[in-house]
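Colleague: Here is the input, now give the coordinates:
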Amino acid sequence: MEENQDLICISCGVVASNEVKSDILTAKERGTIVAKAFIRDRLINKNDDIFSPIQSMKIKTFSTLLKLKQQKHSTGKDINLKNDRNLFPRLLVIGQNRELDLKDILTYSLGPVSFPLSSSDGSLAKTDKSPMTKILESSVDNCLVDKSSLGGNTCLLIDAIALIQSMSNIPDTFGELSDVVFHQLVI
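Modeller: Down below sits the predicted model:
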């Protein structure tokens, strides 16, 4: 089996460029060199003041590959959408001023993008369900189950997408579709 040498961000599926890959793989060595230079120049030889600022190494990571969503401001400037650490206190004040229930407010996504569906850069999240399916299927002898034989402490997993894809006649409305799926699952 051939091993892939690419670095891939697990959360969003982005493949690192050669520059990012090089920076990530050499970060520890580069950090060690800078740390030794700091000790030599500032502590042992005392050439530089120990409290003078340390120059940033500017190592490129996956976050440099991902661009934040841009949104036009009323002044015409582009602003980056990002999470704000002061969001919760601001929500609390707004909720009290407008007499809103904080539980209702927190039922909605508070980020610039919906995090269950996408990553922080706005791209769709990569989800690979096949490993979970293989694990679940490996622990089961027979996947065909008679619904009438199910006991009290039983968990039944149903692949609803496969159920819908197996339908020959798909109803015209979501209400009719939900009725058909419900009757196939329960009855």
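
Colleague: In the helix or strand encompassing P89, which residues are buried?
Modeller: Using DSSP states H and E, the element containing P89 is helix 87-97. Under the neighbour-count criterion of 16 or more other C-beta atoms under 10 Å, helix 87-97 has G95 buried. The way it works is simple: take the backbone N, C-alpha and C, and place the C-beta from them, glycine included.

Colleague: Would you mind pulling up the elements that it packs against?
Modeller: Contact partners of helix 87-97 among helices and strands, from 3 or more C-beta pairs under 8 Å, 6 or more residues apart in numbering; DSSP states H and E: helix 102-105.

Colleague: List the contacts of the helix it packs on.
Modeller: For helix 102-105, contacts defined as C-beta atoms under 8 Å, 6 or more residues apart in numbering pick out L91, L92, G95.

Colleague: what's the neighbour count on the nearest residue to the second one once chain neighbours are set aside?
Modeller: Residue nearest to L92 in three dimensions, not counting chain neighbours: L102, with 6.6 Å by C-beta to C-beta, 6 or more residues apart in numbering. For L102, the count of nearby residues is 13 (other C-beta atoms under 10 Å).
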